[in-house]
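Chemist: the sequence and its predicted three-dimensional model are supplied below.
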Amino acid sequence: MDLGIKGKRALVCASSKGLGLGCARALAEAGVNLVMNARGAEALEAAAQAIRDDFGVAVETVACDVTTEAGQGQVLEAADAADILVTNAGGPPPGMWTDWDREDFIKALDANMLTPIALMKALLPGMMERGWGRVVNITSQSVKAPIAVLGLSNSARAGLTGYVAGTARQVAGHGVNINNLQPGIHATDRAEALDRGVAEREGIGMDEAKAQRCATIPAGRYGTKEEFGAACAFLCSQHAGFIVGQNILLDGGAVNATM
Ligand code: NAP
């Protein structure tokens, strides 16, 4: 399917690895020029070069922490007038509700709620003026079905989801669509780290921790970053112009709900 976005320009945050990289590669495959970001310069440049080689699109890299004001300034300077914004950052650490203090919540809100909001606030006016734009926020299945040990994530991402619900409807009339993708478990470093936590806590091997988690997913496996990226690219395509303010689960059926 031709996604109809060849030649557009996208800022894809936190994209040297994992789900962000899946999104960057799928957009590049559709002919979109990229600004990619991550903190570690080496992995970021390697990922960008692979994309240039594979898809022949222009890729700029900005190595910085996108959850800081300075980092947001840097990516926005490079991605001025972007047509497409994919927001992403690392997820908050797991723990217990008894562990978290105000500072922990502030950090999680900064990373997973206020950073995407700041980037949208900066880029939406230009998209609206030009009459076309797409925003995809990478959130989590934990918005739909809480994951107890990820209380910081549950809270911050629910806040972002509320913001998007209202804002998406305010900008849709200008050809700008904002939606959220809610990943369930995908085979990335983040999933590996979560499995390692379970293995250590329960004194079991990594294979067993992974098998236990797979048993909770009707599809019987983890998602891939390629599948995730393809869904993101579709939401950024010309075909997605009537999809407004939605939260789309990619979880292999893990959330047991009718709607
Ligand atoms: P990942 O494999 O660990 O990759 C994270 C990527 O983000 C890396 O490129 C990393 O590079 C970059 N990054 C992290 N923090 C950053 C920051 N502050 N500024 C700029 N770049 C940053 O993670 P993932 O699995 O793709 O997860 C992406 C998001 O989806 C996370 O918020 C995660 O909580 C959420 N999620 C993931 C899953 C899953 O199963 N994978 C499920 C639900 C939700 P650097 O470290 O070099 O910065």
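Modeler: Thanks, I have the structure now. Numbers count the residues shown, from 1 in each chain.
Chemist: can you pull the phi/psi pair for the most far-flung residue of the chain relative to its centre?
Modeler: Relative to the mean C-alpha coordinate of the chain, counting by C-alpha atoms, centre = their mean, the farthest residue is residue 203 (31.3 Å). For residue 203, the backbone dihedrals are phi 60, psi 40 (criterion: degrees, to the nearest 10).
Chemist: pLDDT wise, what is it at?
Modeler: At residue 203, the predicted lDDT confidence score is 95.
Chemist: can you check the one 3 residues further on too?
Modeler: pLDDT, the model's per-residue confidence, is 95 for residue 206.
Chemist: swap in residue 191?
Modeler: Confidence at residue 191, expressed as pLDDT, is 89.
Chemist: with only the CA atoms kept, save the host helix or strand of it in CSV.
Modeler: Following DSSP states H and E, one finds residue 191 within helix 189-202. Once non-C-alpha atoms are left out, helix 189-202 reads as follows in CSV (Å, rounded to 0.1, in the frame of the first residue of the first chain):
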residue,chain,number,x,y,z
ASP,A,189,15.7,-4.1,25.6
ARG,A,190,12.9,-2.7,27.8
ALA,A,191,11.1,-6.1,27.7
GLU,A,192,14.4,-7.8,28.5
ALA,A,193,14.9,-5.5,31.5
LEU,A,194,11.4,-6.3,32.8
ASP,A,195,11.9,-10.0,32.4
ARG,A,196,15.3,-9.8,34.2
GLY,A,197,13.5,-8.1,37.1
VAL,A,198,10.9,-10.9,37.3
ALA,A,199,13.7,-13.6,37.0
GLU,A,200,15.7,-12.0,39.8
ARG,A,201,12.6,-11.5,42.0
GLU,A,202,11.3,-15.0,41.6
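Chemist: what's the angle between the helix or strand just after it and helix 189-202?
Modeler: Next along the chain after helix 189-202, taking DSSP H and E as the criterion, comes helix 206-214. Counting by axes from the mean of the first three to the mean of the last three C-alpha atoms, to 10 degrees, helix 206-214 lies at 110 degrees to helix 189-202.
Chemist: and helix 206-214, anywhere near the ligand?
Modeler: No. Using C-beta under 6 Å from any ligand atom, helix 206-214 stays clear of the ligand, with a minimum separation of 9.6 Å. Where you see a C-beta, it was placed from the backbone N, CA and C, and this is true even at glycine.
Chemist: in that helix, which residues are buried?
Modeler: 209-210, 213 (16 or more other C-beta atoms under 10 Å).
Chemist: who in the chain is up against the ligand?
Modeler: Near the ligand, when you scan the chain using C-beta under 6 Å from any ligand atom, you find 14-20, 37-40, 43, 65-67, 88-91, 138, 140, 183, 185-186, 188-191.
Chemist: pull out the buried residues from those.
Modeler: Buried by 16+ other C-beta under 10 Å: 14-20, 37-39, 65-67, 88-91, 138, 140, 183, 185-186, 188, 190-191, out of the residues of the chain next to the ligand.
Chemist: show me these that map onto helices.
Modeler: Under the assignment DSSP state H, these contribute 18-20, 190-191 to helices.
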